[in-house]
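K.L.:
here is a sequence with its predicted model. Questions after.
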Amino acid sequence: MKTTAREDLLRWAGLALGALAAVWAAGQGQLGIGPLLAPTLLGVGAVLGALGADATAPGPTGAVRVAELTPRRFLDFLTRRTVVALGCAGALLVSLLVLAAATASPDDLGRTGRAFGYACGEVSVLRSPWPGTYYSLPLAAVLGAATLACGLTLRRMARRPGVDESWRRRSAARVAAAWGLMVTASLAGVSLAMAGALSGLPCAASGTLDAASWALGAVATGAGVAALACGIALSRRS
């Protein structure tokens with residue numbers, strides 16, 4: 001079963017929609033929530049395109065074949081490397097969001113979970129935007145809903161009757177690439193925001209935080225490269 005031109009167009013349309021949404025959000029500078037959500041919106045567009053392509057894929061034609069009795073799982077159609085890489089990216093994103101929420105402070109107007117507070121002697125600094133609960137709760141809601149939709153789509157794909165194994169593997173790879181783009185783009189945005197907030201803090205004791213800032217910058221760079229790889233994999237014709 002080959003991929004149709006309509007499926008390719010839907011995936012490309014999803015990427016284009018996500019890119020437009022990200023550009024729009026990046027220009028909404030109110031309290032920094034737009035730029036922080038922009039990478040996630042790029043990934044959500046990719047997810048919508050991949051899910052639409054799977055939903056509109058043609059059904060089986062010709063003679064009906066008898067299915068095997070062995071139950072299929074969507075993990076059977078993804079490589080181990082893909083599962084491990086996406087699992088690590090997701091776990092790292094969740095860990096950073098939890099850490100940011102635990103260390104967040106109210107900003108200068110008392111808005112909870114929006115700033116990072118640092119004190120050294122008589123010096124007190126508030127840095128924002130910091131991806132605490134002010135930003136992470138809406139981000140987590142969007143990521144959770146998209147992840148659930150991807151999981152249900154993969155489950156449906158694995159159990160769909162009358163399609164060959166190669167189609168299942170291609171479909172699973174596309175959905176995984178869309179989810180990976182969403183997660184790695186979000187990871188890049190979150191880690192970059194944290195790196196910016198932790199850089200250049202006053203006092204000698206801030207050296208550890210400077211090191212953390214550099215480490216988070218490296219995470220942002222790696223996540224950005226991974227997001228690009230996911231986007232290329234998703235846009236490639238198959």
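P.N.:
Yes, it's here.
K.L.:
what about the residue most central in space within the chain, helix or strand, and which?
P.N.:
Nearest to the mean C-alpha position of the chain, by Cα atoms, centre = their mean, lies residue 183 at 1.7 Å. For residue 183, the host element (DSSP states H and E) is helix 165-198.
K.L.:
give me the mean pLDDT for that helix.
P.N.:
For helix 165-198, the per-residue pLDDT values average out at 87.
K.L.:
quick check: buried residues in that helix?
P.N.:
167-198 (16 or more other Cβ atoms under 10 Å). (Glycine included, C-beta is placed from N, CA and C.)
K.L.:
other SSEs contacting the worst-scoring helix or strand of the chain on mean pLDDT?
P.N.:
The weakest-scoring helix or strand in the chain, judged by mean pLDDT, DSSP states H and E, is helix 33-55 (a mean of 81). Packed against helix 33-55 by the contact rule (3 or more Cβ pairs under 8 Å, 6 or more residues apart in numbering; DSSP states H and E) you find helix 5-26, helix 133-159, helix 165-198, helix 207-235.
K.L.:
and the second one, how far out from the chain middle?
P.N.:
On the basis of Cα atoms, centre = their mean, to the nearest Å, the separation between the geometric centre of helix 133-159 and that of its chain is 10 Å.
K.L.:
and the angle for it with helix 33-55?
P.N.:
Interaxial angle, helix 133-159 versus helix 33-55 (axes from the mean of the first three to the mean of the last three Cα atoms, to 10 degrees): 10 degrees.
K.L.:
phi, psi for residue 199 please.
P.N.:
phi -80, psi 140 (degrees, to the nearest 10).
K.L.:
around it, how many other residues sit close by?
P.N.:
16 (other Cβ atoms under 10 Å).
K.L.:
residue 180 versus the nearest residue to it once chain neighbours are set aside, what's the distance?
P.N.:
Spatial nearest neighbour of residue 199, chain neighbours left out: residue 213 (4.2 Å); criterion: Cβ to Cβ, 6 or more residues apart in numbering. Distance from residue 213 to residue 180, counting by Cβ to Cβ, to the nearest Å: 25 Å.
K.L.:
got it, and residue 143?
P.N.:
12 Å.
K.L.:
that's all I had, so thanks and see you.
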